[in-house]
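In: return atomic coordinates for the entry below.
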Amino acid sequence: MTNLGLREAKKQQTRKAISDMATKLFIERGYHEVTTAEIAQRAEVSVPTLFNYFPTKESLVFDEDNEMEADLVNTVLNRRKDQSILDSLLDAGLKHIDSIKEGDRKRLYESFMTLVEQTPELSRYAMQMWLRHEKSLAKAIQKEAKGKASTLEAEAIARFVLDAYHRAFGEAQPKASLKALFAILKKGWDH
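Out: Numbering: from 1, shown residues only. Modelled structure (predicted):
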């Protein structure tokens, strides 16, 4: 690994450590009770350095925002030639579920969602992030559908996919739930 590669890896590790610590403090004590100065002190960085990594206090909680958006788009654009758009998105969702230990998943999800839902600033940030991800995913879907999906259809599909991820992750059987939700999208719902 080059020096640039090592430096970038170290930055990413520092960024992740700061975000994880901040989120843990926010969950334990409340978003408004924890200051950025306290987070910087605990992370052993200056406040300006903290803001070099995270432009806002809210962004401390959503440290994977840009990566998540890129992953969604890349899932569609870089899927196997024989794989449908929806199958690639389902596979990505299932892999994400598998990436978190089963025992931790529900506890982490519930505590994180409680923090976001009970903090107006985080709720707004999450909604703006969600809408941006939805638009990016819709553009990728429309591009890869090669004229078979209008903007409206691609946006509706993107919204449903993101909502399916969100809903399934909080369920007792997230993989089965995600598969069921994608089955509705793939086959339609005619009742």
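
In: just the C-alpha atoms of the lowest-mean-pLDDT helix or strand in the chain, please, in CSV.
Out: The helix or strand of the chain with the lowest confidence, counting by mean pLDDT, DSSP states H and E, is helix 102-118 at a mean of 84. What follows is helix 102-118 as a C-alpha-only set of coordinates in CSV (Å, rounded to 0.1, in the frame of the first residue of the first chain):
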residue,chain,number,x,y,z
GLU,A,102,-28.0,-11.1,14.1
GLY,A,103,-28.0,-10.4,17.9
ASP,A,104,-26.7,-6.8,17.3
ARG,A,105,-28.9,-6.0,14.3
LYS,A,106,-32.2,-5.4,16.1
ARG,A,107,-30.7,-3.7,19.1
LEU,A,108,-28.5,-1.4,17.0
TYR,A,109,-31.3,-0.6,14.6
GLU,A,110,-33.8,0.2,17.3
SER,A,111,-31.5,2.4,19.3
PHE,A,112,-30.3,4.2,16.1
MET,A,113,-33.8,4.8,14.8
THR,A,114,-35.0,6.0,18.2
LEU,A,115,-32.2,8.5,18.2
VAL,A,116,-33.1,9.7,14.7
GLU,A,117,-36.9,9.8,15.2
GLN,A,118,-36.6,11.7,18.5
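
In: what comes up buried for the very next helix or strand once past it?
Out: Later in the chain than helix 102-118, the nearest helix or strand by DSSP states H and E is helix 120-145. Buried residues in helix 120-145, counted by 16 or more other CB atoms under 10 Å: 122, 125-126, 129, 133-142, 144. For the C-beta atoms, the positions are set from N, CA and C on the backbone; glycine is no exception.

In: go on, stretch 8-28?
Out: Across stretch 8-28, burial judged by 16+ other CB under 10 Å covers 15, 18-19, 22-23, 25-27.

In: stretch 51-69 spans what distance, first to last residue?
Out: Its start and end residues considered, stretch 51-69 measures 21 Å (CA to CA, to the nearest Å).

In: residues in contact with that stretch?
Out: Stretch 51-69 has contacts (CB atoms under 8 Å, 6 or more residues apart in numbering) with 11, 14-16, 18-19, 22-23, 26, 31, 36, 39, 45, 115-116, 121-122, 124-126, 129, 132-133, 136.

In: ok, the residue nearest to the spatial centre of the chain to I18 distance?
Out: The centroid of the chain falls nearest to M68 when counting by CA atoms, centre = their mean (4.7 Å). Between M68 and I18 the computed distance is 18 Å (CB to CB, to the nearest Å).
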